[in-house]
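# Next come a sequence and a model predicted from it.
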Amino acid sequence: MRILVLGGDGYLGWPTALHLSRRGHDVGVVDNFVRRQYDHEMGVDSLVPILQLSQRVRLWNEVSGLDLDTYVGDLTDADFVDTVVSRFEPDAIVHFAEQRSAPYSMIDRKHAVYTQVNNVVGTMNLLYAIAEHDPSIHLVKLGTMGEYGTPNIDIEEGFIEITHKGRTDLLPYPKQPGSFYHLSKVHDSHNIQFACRIWGLRATDLNQGVVYGQQTDETTMHPGLATRFDYDGVFGTVLNRFCVQAVVDHPLSVYGKGGQTRGMLDIRDTLACVELALLHPAEEGEFRVFNQFTESFSVLQLAEMVADAYPGKVRIEHVEDPRVEKEDHYYRAAHTKLLDLGLVPHLLGPSTLRDILAVADAHRDRVDPLAIAPTVQWRTTASTLPTASGRPVG
Ligand SMILES: NC(=O)c1ccc[n+]([C@@H]2O[C@H](COP(=O)([O-])OP(=O)(O)OC[C@H]3O[C@@H](n4cnc5c(N)ncnc54)[C@H](O)[C@@H]3O)[C@@H](O)[C@H]2O)c1
């Protein structure tokens, strides 16, 4: 297959591009490097050093003998998106290229507006480019389990059968997202579903859980192929953050009671799920939703698992929750569609935790302790972020 990976310089896009390339697909990588700019803005850096995209691509060619095409540009630029789609002529497009941090979207008005414009407009441009060049291109779009929120009923995979006043229909599952970032994903889902209905596009919305881990079969082929690892209060995801906190002897910062329960998955399963979606495309006109996670854990459970796996002493500290979210709630979400397609999950156990802790330990000298604390407050319209340089963000 000819596959474009949008956001192919990012945490998940880079290892996905390598994986698909190694599997024999012709892969093109698209990115505008804005993720690297957020690092400059926040005064932080990936825990694991990462090469520039051009260096990574050259190295991949040396290590594997395989080529990756690269296109540098912004998805909010419709002409750029048009040119890439018409030049590369993909069979499928995997779309990772969005601003993906909930806290970043909640810093202030500027960051909220930026997040929604970047994500929604980028996806709109893509939908138009697909519809105009080749509606048979399969769009595999990264959504998030956070689109659903935490309702007091079971979460289904995208759709729920509702009987109302004696009539029954299969309808989109109600969405109660918890940040302007999560809302941008909901808007994307609606726009994609509409495009499938009116233009006959085919799309898979992967409502992904929180990803952990950093190493994949391809990124470990050479240190220069490493993908990024975020641990800071704005971009770090929960389990990777706890592992870094453990190795630098920082208390594991559990927000509030820690009963917040989320679907989670290993980074290697992200690659496997995307590949399964690509190999089993949606039908013409079909908008389908897969819940892409393998297990659910509460934040406190995760902290306890890290504390158990780490050989040294670990303290768990409950800090005031900067977010507006339920700290204790019912959570049961369906996730059978990818398993039905053949996903064999990497479940979270001591050996995976030890691997992540080892990555964190190997780079502990690069940790900026000032970057760890949560700084973005959901309850205010503007948070001021202290950075390593002392320069406020905003
Ligand atoms: N990391 C997770 O735990 C997680 C969980 C659920 C869903 N997701 C989704 O998966 C996708 C990838 O996440 P990630 O963690 O790899 O994020 P990331 O920020 O590391 O990667 C996203 C990449 O997209 C690029 N990008 C952003 N806007 C762009 C634009 N307008 N034009 C071109 N390139 C642009 C960035 O430069 C970056 O390299 C996101 O859509 C995210 O919402 C991630």
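Perfect, thanks for sending it.
# do stretch 9-24 and the ligand meet?
Yes: interface with the ligand: stretch 9-24 contributes 9-13 (CB under 6 Å from any ligand atom). C-beta coordinates here come from the backbone N, C-alpha and C atoms, glycine included.
# From those residues, which land in helices?
Gly13 (DSSP state H).
# Please tell me which one of the residues of stretch 9-24 next to the ligand counts the most neighbours.
Asp9 (27 neighbours; other CB atoms under 10 Å).
# what residues are up against the nearest residue to that one once chain neighbours are set aside?
Of all residues not flanking Asp9 in the chain, Asp31 sits nearest, at 3.8 Å (CB to CB, 6 or more residues apart in numbering). Neighbour list for Asp31: 6-10, 13, 53, 70, 72, 97 [criterion: CB atoms under 8 Å, 6 or more residues apart in numbering].
# Name the nearest of the residues you listed relative to the ligand.
Distance ranking of those against the ligand, using CB to the nearest ligand atom, places Gly10 first at 2.0 Å.
# Average pLDDT for the one helix or strand Val84 maps to, rounded please.
Secondary structure assigned from DSSP states H and E places Val84 in helix 78-88. Here helix 78-88 scores 98 as its mean pLDDT.
# packing partners for that helix?
For helix 78-88, the elements it packs on are strand 2-6, strand 26-31, strand 68-72, helix 122-133, judged by 3 or more CB pairs under 8 Å, 6 or more residues apart in numbering; DSSP states H and E.
# re earlier: ok, which pair from the residues of stretch 9-24 next to the ligand is furthest apart?
The largest separation in the residues of stretch 9-24 next to the ligand, counting by CB to CB, is between Asp9 and Leu12 at 10.6 Å.
# Relative to Val359, which of the contacts of Asp31 is nearest.
Proximity of these to Val359 (CB to CB) peaks at Gly10, which lies at 17.4 Å.
# three-state assignment of the residue nearest to the closest one when sequence neighbours are not counted?
Spatial nearest neighbour of Gly10, excluding adjacent residues (CB to CB, 6+ apart): Arg35 at 5.4 Å. Under DSSP: H, G, I helix; E, B strand; the rest coil, the three-state class of Arg35 is helix.
# Off-centre distance for the helix or strand where Glu161 lies?
Element membership of Glu161, judged by DSSP H and E, is strand 159-164. Relative to the centre of its chain, strand 159-164 is centred 29 Å away, using CA atoms, centre = their mean, to the nearest Å.
# Can you list the strands that that strand pairs with?
Paired neighbours of strand 159-164 in the sheet (DSSP bridges): strand 167-172 (antiparallel).
# Flag every buried residue along the strand it pairs with.
By neighbour count on 16 or more other CB atoms under 10 Å, the buried set for strand 167-172 is empty.
# Does whichever helix or strand comes after it reach the ligand?
Where DSSP H and E defines the elements, the next helix or strand beyond strand 167-172 is helix 180-199. No: using CB under 6 Å from any ligand atom, helix 180-199 never reaches the ligand; the gap is at least 6.6 Å.
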